[in-house]
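Visitor: Have a look; sequence and predicted model below, questions after that.
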Amino acid sequence: MTLDGETAVHEVNERFFGMLGMSRRAGKTVVGADLVCRAMQGKNKPALVVVSSFASENTKKRMIAKCDYYGVPCVLVALECGELAQRLGKTGSTAALAVTDPGLAREIRNACTCKGRESPTDGDGSIGNRG
């Protein structure tokens, strides 16, 4: 989750939004920081947590700390909270969401690119598939 001691912010593309929409339609998405935290504490942990880089510092710290504690991968994306909510079909703003399906989570993570690197690494240290 960190790059050179700082939190890495990932850029997103249309494939990211497509996979996010697919996850939402399949009912495999938990939306909202509080609900995401509750999901991480549950028996069926999320496969990926996505946090807006424009969320409050407190929210970002809380989400990253919870993800580290529960061993859930976390991606910080360069998206306004309002745009993230809009892309999910919600009104208002959304600081965080969780994807519960491992396959969809992998594809969503692979659709992100880290500033300064080609792509985020997968859990095994390899570079993700660009598809």
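Guide: Sure, I can see it.

Visitor: Please count neighbours and contacts with C-alpha atoms only from this point.
Guide: Fine.

Visitor: what comes into contact with stretch 37-55?
Guide: 9, 30, 36, 60, 63, 66-67, 70, 72-81, 84, 94-102, 105-106, 109 (CA atoms under 8 Å, 6 or more residues apart in numbering).

Visitor: And that stretch, what's buried?
Guide: Buried residues in stretch 37-55, counted by 16 or more other CA atoms under 10 Å: 37, 39-40, 45-55.

Visitor: Work out which residue lies at the spatial centre of this protein.
Guide: When CA atoms, centre = their mean is applied to the chain, the residue found nearest the centroid is Val50 (1.6 Å).

Visitor: does that residue count as helix, strand or coil?
Guide: At Val50 the chain is in strand, as set by DSSP: H, G, I helix; E, B strand; the rest coil.

Visitor: pLDDT weak spots in the chain?
Guide: 1-7, 114-131 (pLDDT under 70).

Visitor: remind me, longest helix of it?
Guide: Identified as the longest helix of the chain according to DSSP state H is helix 57-70.

Visitor: right, and the helix or strand after that helix?
Guide: strand 74-77 (DSSP states H and E).

Visitor: So which bits of the helix or strand just after that following strand are buried?
Guide: Sequence order places helix 81-87 as the next helix or strand after strand 74-77, per DSSP H and E. For helix 81-87, the neighbour count (16+ other CA under 10 Å) marks Cys81, Gly82, Glu83, Leu84, Ala85 as buried.
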